[in-house]
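Peer 1: Have a look at this prediction, sequence included:
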Amino acid sequence: MGNPITVLELTSNSVKLLVGYELERQPIVLYAGTIFVDGAVTEGEIINQDELIAAINKLVKDASTQLEIKIDEVILALPSINLEVYTDSQQTNVLANTLRVEHIDIKNVLSLVRKQRIDPNKTIISIVPERYILDNEKTSVVSPIGETSSFIAINCYVHLLPLWVYNRYLSVVQAAGIKVTKTFVDSYALTELIALEKDASPNYLLVDYGSRTTTISLVGNHRLFYSRIVNLGGDHLTERIAKELSLTLEEAHKLKHMYGYDNRASNYKVAIAHQVNEYGQKHPIYQKDLNRVIEAFMNEHYAKIKDAVASLEASQSLSNLFELYPLYFTGGASQINGFNHLLEHSPLKDRTFILNLKAIGARNSRYAVCLGLLRVYNRYILDIGDERSEVGVLTRD
């Protein structure tokens, strides 16, 4: 068994903690827990820090007790808010007289990447090596420690986030008494998880359908190039069901998860709930009524995704991404009953897929980002240096 790694994700409605390791490139989960904290985070802003701290500490205590291990540090996921991805290339001489590449040489070439001038309001979240280059044009996609060369060069992708996003998330975890060992962007973690799937296309549009937001990412050759967040998610669908069918949020949530979208005619005849009008009269709600609300909402959601992709195309001088790239859906909101049937009615039904997890111990799509964190941390633990910044002034200006 590998050394257990603890990963943490703070979303708009929950705190998720997962402990696991990798075995033959597959994530193995020892513990996975979620505490729901509605409204504690909104668009990257920490609204209720005390509630988040309490949830983090409860999950850490629960995992520590179950696994009989001490947990005092985590790998932390960060949201893809205003994510910037750029490429860089750097080179440095190998230090040893023997010309054998050592870990210090990897650190040195990565430090050159970190020293490049960037927007002072942003910070480097991670450096993703694409390839290393040595003497005689020898290349390697993994750390070339032990190889002989007079120099080492790196081609890499650099992920930047606004400093205020980084600082807010880091500070709340530190306030819980937990050390943050490393941070990664959530959409990057997902791309690395998908790369484990043997049938996955290397080029795709990733749609992470969460509770309050949906993140749309462009991935090429299994590399993250761009992410855009749309403020529309599964909780908004619950609110729409409640409004349209005159139900409480609790009743709407129950209907969404128990019945979801079901277009089988045999299920149209029996009432699935009742609404009460202003006169106290009950009226039946049928599956077709729920289908109507869900389908209208999903059409709106699909239009938002198209707008986000159009914005991506305009900013990156690209075109026809919907025609060229398949769509991979993940996230808890993509797991509602009948979501796959809704996609069958999409204009891109032959190019739209729902990501199914194959991890041992946590097959719920809710933990997709956490599983991806296991993958990225294991993959680059020898390559990526300490890129953490000091917590600065917590402003959005």
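Peer 2: Cool, the structure landed. Residues are numbered from 1 along each chain as shown.

Peer 1: how about the strands of the stretch 201-350 of the chain, start to end?
Peer 2: For the stretch 201-350 of the chain, strands defined by DSSP state E, counting those that start in this stretch occupy the ranges 204-209, 214-220, 223-230, 273-276, 282-285, 327-330.

Peer 1: Which strands or helices does the third one pack on?
Peer 2: I take that to be strand 223-230. strand 84-93, strand 122-133, strand 151-162, helix 186-194, strand 214-220, helix 287-316 (3 or more CB pairs under 8 Å, 6 or more residues apart in numbering; DSSP states H and E). In this view, the C-beta of every residue, glycine as well, is placed from N, C-alpha and C.

Peer 1: what's the closest of these to residue 370?
Peer 2: For these, the distance to residue 370 is smallest for helix 186-194, at 8.0 Å, taking CB to CB.

Peer 1: Show me what that closest one is packed against.
Peer 2: strand 73-78, strand 204-209, strand 214-220, strand 223-230, helix 368-380.

Peer 1: Can you tell me the closest non-neighbouring residue to residue 7?
Peer 2: Computed as CB to CB, 6 or more residues apart in numbering, the closest residue to residue 7 that is not its neighbour in sequence is residue 373, at 3.9 Å.

Peer 1: picking that back up, wait, which of the helices and strands packed on helix 186-194 is closest to residue 247?
Peer 2: Here strand 204-209 is closest among those (CB to CB), at 22.1 Å.

Peer 1: wait, doesn't residue 231 sit right on residue 43?
Peer 2: Yes: if you go by CB atoms under 8 Å, residue 231 and residue 43 touch, sitting 6.8 Å apart.

Peer 1: Between those two, which contacts overlap?
Peer 2: residue 213 (CB atoms under 8 Å, 6 or more residues apart in numbering).

Peer 1: ok, back up a step: could you export the helices and strands packed on helix 186-194 to a markdown table, including columns for mean neighbour count?
Peer 2: Supplementary listing: these in a markdown table, determined by neighbours: other CB atoms under 10 Å:
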| stretch | mean neighbour count |
| --- | --- |
| strand 73-78 | 23 |
| strand 204-209 | 24 |
| strand 214-220 | 23 |
| strand 223-230 | 21 |
| helix 368-380 | 25 |
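
Peer 1: show me what contacts the residue nearest to residue 7?
Peer 2: Contacts of residue 373 (CB under 8 Å, 6+ apart): 5, 7, 9, 18, 75, 77, 184, 189.

Peer 1: okay, now the nearest residue to residue 375 once chain neighbours are set aside: neighbour count?
Peer 2: Ranked by CB to CB, 6+ apart and with sequence neighbours excluded, the top spatial neighbour of residue 375 is residue 192, at 4.4 Å. Using other CB atoms under 10 Å, residue 192 has 23 neighbouring residues.

Peer 1: if we can go back for a sec, rebuild the helices and strands packed on helix 186-194 as CSV, extending it with distance to residue 331 and mean pLDDT.
Peer 2: Shown next, in CSV, are these (distance: least, CB to CB, whole Å; pLDDT from 0 to 100):
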stretch, distance to residue 331, mean pLDDT
strand 73-78, 13, 96
strand 204-209, 4, 91
strand 214-220, 8, 93
strand 223-230, 12, 91
helix 368-380, 7, 89
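
Peer 1: Distance to residue 61 added to the ones you listed, as a markdown table?
Peer 2: Below are the helices and strands packed on helix 186-194 laid out as a markdown table (distance: least, CB to CB, whole Å):
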| stretch | distance to residue 61 |
| --- | --- |
| strand 73-78 | 14 |
| strand 204-209 | 29 |
| strand 214-220 | 30 |
| strand 223-230 | 32 |
| helix 368-380 | 18 |
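
Peer 1: ok, and the closest non-adjacent residue to residue 63?
Peer 2: residue 31 (4.5 Å).

Peer 1: Next: residue 276.
Peer 2: That would be residue 282: by CB to CB, 6+ apart, it lies 5.6 Å from residue 276.

Peer 1: show me the contacts for the one you found.
Peer 2: Residue 282 sits next to 274, 275, 276 when contact means CB under 8 Å, 6+ apart.

Peer 1: hang on, the residue nearest to residue 375 packs against residue 376?
Peer 2: Yes: the pair residue 192 / residue 376 is scored as a contact, 4.8 Å apart, by CB under 8 Å.

Peer 1: which stretches of this protein have low pLDDT?
Peer 2: The model of the chain has pLDDT under 70 over residues 1-2, 265-268, 345-350, 356-364, 382-397.

Peer 1: relative to its centroid, which residue of it is most remote?
Peer 2: Relative to the mean C-alpha coordinate of the chain, counting by CA atoms, centre = their mean, the farthest residue is residue 279 (46.2 Å).

Peer 1: I'd like the distance between residue 283 and residue 289.
Peer 2: Applying CB to CB, to the nearest Å, the value for residue 283 to residue 289 is 10 Å.

Peer 1: Which of the two has more residues huddled nearby?
Peer 2: Applying other CB under 10 Å to residue 283 and residue 289 shows that residue 289 carries more neighbours, namely 20 against 13.
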